[in-house]
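Visitor: Kindly return the folded structure for what I paste below:
(4 chains)
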4 protein chains.
Amino acid sequence: MATHQFVPTVYQLTIGSHEPVLRIADGDTVETTTLDAVGGDETGVARSRPSNPMTGPFFVEGAEPGDTLAVTIERMTPNRDSGWTNGVLAPNVVDPGFVPNLPHAARTYWNIDREAGTIALTNPPERLRGLVLPLDPMLGCFGVAPDRGQAISTATSAEHGGNMDYRGFRPGVTAYFPVFVPGALFHLGDGHAIQGDGEIVGTGVETSFAVAFTVRVQKARRIGWPRGENDDEVFACGNARPLDQALQHATTEMARWLTEELGFDTVSASHLLGQAVRYDIGNVFDPAYTVVCRLAKRWLA
Amino acid sequence: MATHQFVPTVYQLTIGSHEPVLRIADGDTVETTTLDAVGGDETGVARSRPSNPMTGPFFVEGAEPGDTLAVTIERMTPNRDSGWTNGVLAPNVVDPGFVPNLPHAARTYWNIDREAGTIALTNPPERLRGLVLPLDPMLGCFGVAPDRGQAISTATSAEHGGNMDYRGFRPGVTAYFPVFVPGALFHLGDGHAIQGDGEIVGTGVETSFAVAFTVRVQKARRIGWPRGENDDEVFACGNARPLDQALQHATTEMARWLTEELGFDTVSASHLLGQAVRYDIGNVFDPAYTVVCRLAKRWLA
Amino acid sequence: MATHQFVPTVYQLTIGSHEPVLRIADGDTVETTTLDAVGGDETGVARSRPSNPMTGPFFVEGAEPGDTLAVTIERMTPNRDSGWTNGVLAPNVVDPGFVPNLPHAARTYWNIDREAGTIALTNPPERLRGLVLPLDPMLGCFGVAPDRGQAISTATSAEHGGNMDYRGFRPGVTAYFPVFVPGALFHLGDGHAIQGDGEIVGTGVETSFAVAFTVRVQKARRIGWPRGENDDEVFACGNARPLDQALQHATTEMARWLTEELGFDTVSASHLLGQAVRYDIGNVFDPAYTVVCRLAKRWLA
Amino acid sequence: MATHQFVPTVYQLTIGSHEPVLRIADGDTVETTTLDAVGGDETGVARSRPSNPMTGPFFVEGAEPGDTLAVTIERMTPNRDSGWTNGVLAPNVVDPGFVPNLPHAARTYWNIDREAGTIALTNPPERLRGLVLPLDPMLGCFGVAPDRGQAISTATSAEHGGNMDYRGFRPGVTAYFPVFVPGALFHLGDGHAIQGDGEIVGTGVETSFAVAFTVRVQKARRIGWPRGENDDEVFACGNARPLDQALQHATTEMARWLTEELGFDTVSASHLLGQAVRYDIGNVFDPAYTVVCRLAKRWLA
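Guide: Residues are numbered from 1 along each chain as shown, chains lettered A, B, ... in the order given. Coordinates of the predicted model:
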C-alpha cells in the first residue's frame, strides 16, 4: 500500500487504452496533479490542448474485466489561486425563445482563497459585490478505459465514467467503476473549485489541482455504471440524453445494487426507493447528461 | 383575514373554470380536507371517482389575470391512520430491458402514526422489517384554473400547477401561481404522507388530509410557472417532458425571477446560478414531468 | 345518410364537451367551413380569437364511449385566395447555438391559385422567385371530446386527436378517433394549403376552407390513438414529447392494430414492421409532437 | 481514377485512426466485401467478433481536416443467399407498459433471391406465408475517423457517420462526410438486404455484401454532419438522442447547406423548408438515433 508521487508529463484527450504512465497496486495511493479544462497548469501555462486533458492512465495491478475499481478521492487542493468560468447560461438549459436574450459568453475569473476556503469573482459586477462562495472541490472528469478498444472524448461520459461533472465527486467520496480492460487504466482531470448542479454555464470554477487518490480492486464485482459512496449515502450514476434516459440508467443501477448486493427483492427495493430516493442532476451541458440516484445509508440497515 | 372552515361535498377531476365552492378574500385562511388519490376520505370511503379529485375551486377576490396568487401551506395532517402505495417501480423510470423483471404492481398499505410523526409498512416484507420513515406531508396536486377555458386533467401539470408531485410543497412553503382567470380558482388535493423524489412507484403514501392554507393576491406580478419559497430557498418549477424541457422551463423562470424582480442582470444571474444552483426532480411518472430549480436565499442578499 | 350544409357561428378554442352545433347520423356528410389559425374567415375578417378555432362540435348519433369514430375527409378547398406563414424556423427545431442567427418571425403572405392548384409567395425574396408549390390541403387540428371532462387547448394534441399538424390528413383519408363521450363531439379546423413535415416554421400556409366530411360509427372498436387510412397505407399517430415517446405511442398503436384486428401475432407483426414500417414526423412545433407509423396495405394481404 | 479490388483480412470494431488497409486516390473506386453485423462472411463463417465489424479504413490521398469526403455507393450485392433479423420489436420503440407482452428475441432467417431481387422468411409464421419483400440493400454503418483521436464504437454514430442505419444510404447515393484526420480514413460495413424505418427490431436483414464505392475529395468544403444526395433529393443527417436533438442537428445542417452553399438567406431557407421539407427516421435503436432532413432538388433551381 505504497504512496506514489507522480508528476505527469503527457495528457490524454480521450479515455482509452493508452500507454499507462504508472503501474500501481491494489491499495496504493497516488499524489499527482491535474490541469484545468483547457490545459492550464499551476502557473496558468497551457500544458495540453483542450478540452479536459487527463492525467494518467494508471494501470492497477490485478484489475481484470468483470471487476470493479474503487477510487477514493482523498484530497483535492487547487494548486493556484485563480479559476475561471464561462459567462452565461448555456443555450440548452433555457427555453429556446430565451436564448437570444443571452449575451456572448466571456471567460470570467475568480479568486481562490485556499486558506479561507472561499471563492469570489475577481471583478464582480455590481449585483454580486460581496458574494463569497465556499471552496468545494470536485473532479469533473475521471474514469477507466472503455471496452472494445474505444477511445472516448473527455467531453462526454458513458458506462466507463468520463465527463460526468457531478459535484458529489468530491474529497471523501469513493467512486466505483466497472473494469473493461486489464489494469482498468484510470484517468482523472477537469477539477472544479465549485460547481452548481448541472454545470449550466458549461463550467465550474475551472482550475488546476493537487489530487490524492487511493485505488482498490473489487474482484468479480460486476457493476454497470459508475457508483459512489460517502459517509451518509450510496449513489449510482447514469449518463445519457435525454435526462430521462440518464435517470433510467441510474435508477436501474441502484435497483441492481439493492437486489444483487444488499439483500433486497424487487418489491422491497421499490418500496424503499419509491418513498426515500433522491436524485441529483450531475450535468446538463455535456454531450451525455448525468443523473445521480441517491439513497441514505440509514435506510439500508 | 378570516379563517374559513370548509367541508367539501363536490370534487373536480380537472383543474378548470368550475363553479367556485367558496369565495375568500386576500389574506384569508381556509381549513378544509382533501381526499386521497382515488377518492378515499378520512374513513376510507370513496367520495369521488379517481384520480386526484380536487377540493375547490376557491374564488379569491381581487385576483385577476396578470396577477400572482400566493398560497401558503400552513398545516397538513393526515386525517386517518393508513395510506397506500403502488408496489413496484414504474416501467418508465428503469431501463426498457429491465421492465420484464418487475412483478405486477399491487396496492400496499402503510400505517401512519400521527403522534410519533412516522410511517411504516403494515405488512413489511422481510428485508424492510423495522423500516420507519418520517411523516413528511406534501400536496401532490394543486393549482389555479388555466387560460383559454381549458379544463386540465389532475393527472398532469402545466403552467397553472397541477399534478407536480414535488415533495418540496410541504407545510411552511408558500407557492406562487400565475392567475389566468378572475378569482384565480384555486384547487388542491392528492396529499402524500411521504414521497421520494420523482414519485417513481407512481405514488407517494397516498392518504386523506386536513389542510390549512392562506391566500394572498400579488397584483400585477406576472410569473410564467409555479414558484415557491421556504425559509431557506426560493424555487421555480417547470412541467413538461422530457425532463430536459422541464429543466429549461424551471431555469428560465428562475432567471426571470432574478432579472425581473431581484436586481440581477443576465450575466450576474448566470454567474450565481452556474455555481450555486440546485435542481430537484419533482416527478418522473405523470404525463408531464416536473423539475425544480432552487437557489439559497443567502446568495440573494 | 344525409348531407348537411352547416354554417358555423360559434367557434371553440378547446376540444371538449361543448354544446353541439349539429346532431348528425352515422353515415352523414357535412359541408361546412373552417377559419384559419388566427380566426380569419373567407374574407379575411377575424371571426374568433386565436388560436386554431374549431368548427363544431358535431354530435354523432349512436357514438358511445368505447366506439371508434371514422371521419372521411371528402373535400377541402380554400375559400379565399391568400394564406400566410411564419417567417423563420422555430427555435426548437434547430441547434440551440443556431437560434441567435434567426431574424424575428414576420407574417408572410402567399397567393393561392385554386384553379391551377398552386401556391406562391406574394412577395418572394430574390432566391425564391419562381417557386411554385402544389396546393396540398390538410386539416391541422381535428378530433373528438376527451375523457374525464377535459377541455384541451387546440394548440396541442393527445389521444383524442387535436393539433397534430400532420400533412397526411388530406382529402381522401379516413381518420379514426377513439370515442370518449356520447356523440363523440367532433371538432375541426386549422386547415393548411400546404405544409412541410414537422410544421417547422410553426405554420403551414394558413387559410380558411370549405370542407366536406363523412362520419361513421364503428361500434365496440376500441382504439387508443388516432389512426388513419388512405388508398395505399394504414397509419397510427402518437402525440407526446419527446419525439421518442410519440414514436412509442404510434408504434404500439400499430402493433395493436396488427395483433388485435388483423390476425398477426406479436412475432409476425414484429417481422413485418421491422422490415417494412415507415415513419412520418407530423409536427415538432406544438406542445405535443406527432409521429406517424405507416404500413403499406399490400403487406397486409 | 483506378478501380481497386480489395480483399479485407482485418476488421475494426471502432471507427478511428487505425492503420489504413489501402491508400486510394481522389476519384478511385474500390470493390470489396463487408461482413454481416456479427462478423459472418459470404460462407456464414465468423471472421470477426461482433458487432458491426468494419472493412477499412481506406486512406484517401489529399483529404485533410476541413475537407469533405464524398463517397458514392456504386453497387451493393449480397454475396450469400441468406440473412437474419431479430425476432421482436425493441423495448425502446414501444410504450413501457407494452414491453412485457413481447416474447424473447430469437434470430430469424430470411432467404435472399438475388436474381429475383426479393427476400422472404425461411420459415414464415402462418400470418406471413407468401410475404415477399423487395431486395433493397443499404449500408448500416460507414464513416470516417473522428477528431481528437477518438475511436468510436460501431454500435453508435456521431458527426463522423457510423451506425446510422438509414435505409436511404443505398446504391446510387453519394454520402458526404466531414474530414477530421489526414486521409479521412473511410470505414464501411453492416449491410442490410432491407430495413424498415428506425431499425425497430434492432436489425435489418443482416447479411454480407460485395460493395463498390467511389471516393472524391471536396477541398475546403466544411460540413458539420453527414449529408447525402440521390437523383431527386439532398439530405442531411443528425445523430443523437432524443430524436428531437437528432432532428435539430439535421435541420441545422440542411439550413447551413442552403445558406452557405446554395444561395439562400435564412428567411428564404425557412420558407422553403417550412412548406417542403421531409424527415425520415433513420434509426431509433442504436445509442444515437438518426433523423434525416430531406429536400427535393426541384425546389432548388
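
Visitor: what's the angle between the helix ranked longest in chain A and helix C:243-256?
Guide: Counting by DSSP state H, the longest helix found in chain A is helix A:243-261. If you take axes from the mean of the first three to the mean of the last three Cα atoms, to 10 degrees, helix A:243-261 sits at 70 degrees to helix C:243-256.

Visitor: List the contacts of the most centrally placed residue in chain A.
Guide: By Cα atoms, centre = their mean, the mean C-alpha position of chain A lies nearest to A:G140, the distance being 3.8 Å. With contact taken as Cβ atoms under 8 Å, 6 or more residues apart in numbering or on different chains, A:G140 is in contact with A:37, A:52, A:163-165, A:169, A:189-192, A:195, A:199, A:204. C-betas here are computed from N, CA, C, even on glycine.

Visitor: Let's see which of those end up in strands.
Guide: Taking DSSP state E as the definition of strands, the contacts of A:G140 contribute A:G189, A:D190, A:G191, A:H192.

Visitor: neighbours of the residue lying closest to A:L133 once chain neighbours are set aside, just the number please.
Guide: The shortest distance from A:L133 to any non-neighbouring residue, by Cβ to Cβ, 6 or more residues apart in numbering or on different chains, is to A:I119 (4.8 Å). Using other Cβ atoms under 10 Å in any protein chain shown as the criterion, A:I119 is surrounded by 24 other residues.

Visitor: Now do the contacts for A:I119.
Guide: So A:I119 contacts A:83, A:110-113, A:132-135, A:193-194, A:205, B:275 (Cβ under 8 Å, 6+ apart).

Visitor: Tell me the pLDDT of whichever residue of chain A sits closest to chain D.
Guide: When distances are taken as Cβ to the nearest Cβ, chain A reaches nearest to chain D at A:A151, 4.3 Å away. As summarised for this prediction, A:A151 has a pLDDT of 98.

Visitor: That one: neighbouring residues, count only.
Guide: Neighbours of A:A151 using other Cβ under 10 Å come to 23.

Visitor: before we move on, back to that, where does the residue nearest to the centre of chain A fall, secondary structure wise?
Guide: strand A:138-144 (DSSP states H and E).

Visitor: what element comes up after that strand heading to the C-terminus?
Guide: Downstream of strand A:138-144, the next assigned helix or strand under DSSP H and E is strand A:152-153.

Visitor: C-terminal to that following strand, which secondary structure element comes first?
Guide: By DSSP H and E, the next helix or strand past strand A:152-153 is strand A:157-158.

Visitor: returning to that earlier point: and which of the ones in strands among the contacts of A:G140 is nearest chain B?
Guide: Nearest to chain B among the ones in strands among the contacts of A:G140, with distances taken as Cβ to the nearest Cβ, is A:H192, at 9.0 Å.

Visitor: Look up the closest residue to the closest one, ignoring the ones flanking it.
Guide: Per Cβ to Cβ, 6+ apart, closest to A:H192 is A:G204, 2.8 Å.

Visitor: Can you name the residues bridging to A:R294?
Guide: A:F235, A:R278 (DSSP bridges).

Visitor: Double-check it against A:C237; I have them as touching.
Guide: No: A:R294 lies out of contact with A:C237 (Cβ atoms under 8 Å); the separation is 10.1 Å.

Visitor: With neighbour numbers in mind, choose between the two.
Guide: A:C237 (28 against 20).

Visitor: and the gap between the more buried one and chain B?
Guide: 14 Å (Cβ to the nearest Cβ, to the nearest Å).

Visitor: quick one on the thing from earlier: can you tell me the element the residue nearest to A:L133 falls in?
Guide: strand A:118-121.

Visitor: partner strands of the helix or strand following that strand, parallel or antiparallel?
Guide: Downstream of strand A:118-121, the next assigned helix or strand under DSSP H and E is strand A:133-134. Partners of strand A:133-134 in the sheet, by DSSP bridges, are strand A:118-121 (antiparallel).

Visitor: can you pull the buried residues of the partner strand?
Guide: A:I119, A:A120, A:L121 (16 or more other Cβ atoms under 10 Å in any protein chain shown).

Visitor: Tell me how chain A divides into domains.
Guide: A:3-79+A:135-218, A:83-134, A:227-300 (automatic domain parsing).
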